[in-house]
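Visitor: dropping the sequence and predicted coords here.
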Amino acid sequence: MSLLGAIKSLFSPLPDGAIRYKGYTIAALPEEEFGRYRLHAVISKKNNHRSYTLIDRVADKQNCITLTHQKAKSLIDQKGDKIFAH
């Protein structure tokens, strides 16, 4: 990615439920199931993407998004770019 492309990506709008953290983009994508929301996220950095679905379920969609962000941040802090290894 060029320097200009990197700068543009920093200022481009994010979709609902997405945040930037330490150079990663975390997109929280709650999955509704039986009136509760399962934690689901896509973590990406440059051309790498990894999707995660956790067994945790919460009743409120906004709480699900917040919890998804917290867990994804923790995963990034623990593993860094190793989250993309298969």
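Guide: Alright, I've got the coordinates. Residues are numbered from 1 along each chain as shown.

Visitor: what mean pLDDT does the helix or strand encompassing K71 have?
Guide: K71 is part of helix 61-79 when elements are defined by DSSP states H and E. The average pLDDT for helix 61-79 rounds to 96.

Visitor: what packs against it?
Guide: strand 18-21, strand 24-28, strand 36-45, strand 48-58 (3 or more Cβ pairs under 8 Å, 6 or more residues apart in numbering; DSSP states H and E). The way it works is simple: take the backbone N, C-alpha and C, and place the C-beta from them, glycine included.

Visitor: residues making contact with the helix or strand that the second one is followed by?
Guide: Right, the one you point to is strand 24-28. For strand 24-28, the following helix or strand on the C-terminal side (DSSP H and E) is strand 31-33. Outside of strand 31-33, the residues that reach it under the criterion Cβ atoms under 8 Å, 6 or more residues apart in numbering are 37-38, 40, 53, 57, 61.

Visitor: out of those residues, the closest to L29 would be?
Guide: H40 (4.7 Å; Cβ to Cβ).

Visitor: the closest one and L29 touch, don't they?
Guide: Yes - taking contact to mean Cβ atoms under 8 Å, the distance of 4.7 Å between H40 and L29 places them in contact.

Visitor: more neighbours: those two, which one.
Guide: Between H40 and L29, counting by other Cβ atoms under 10 Å, L29 is the more crowded of the two (20 against 16).

Visitor: ok, the more buried one to K79 distance?
Guide: Shown here: L29 relative to K79, a distance of 20 Å by Cβ to Cβ, to the nearest Å.

Visitor: which of the contacts of strand 31-33 sit farthest apart?
Guide: Largest separation among the contacts of strand 31-33 by Cβ to Cβ: T53 and K61, giving 15.7 Å.

Visitor: this completes my enquiry, with thanks.
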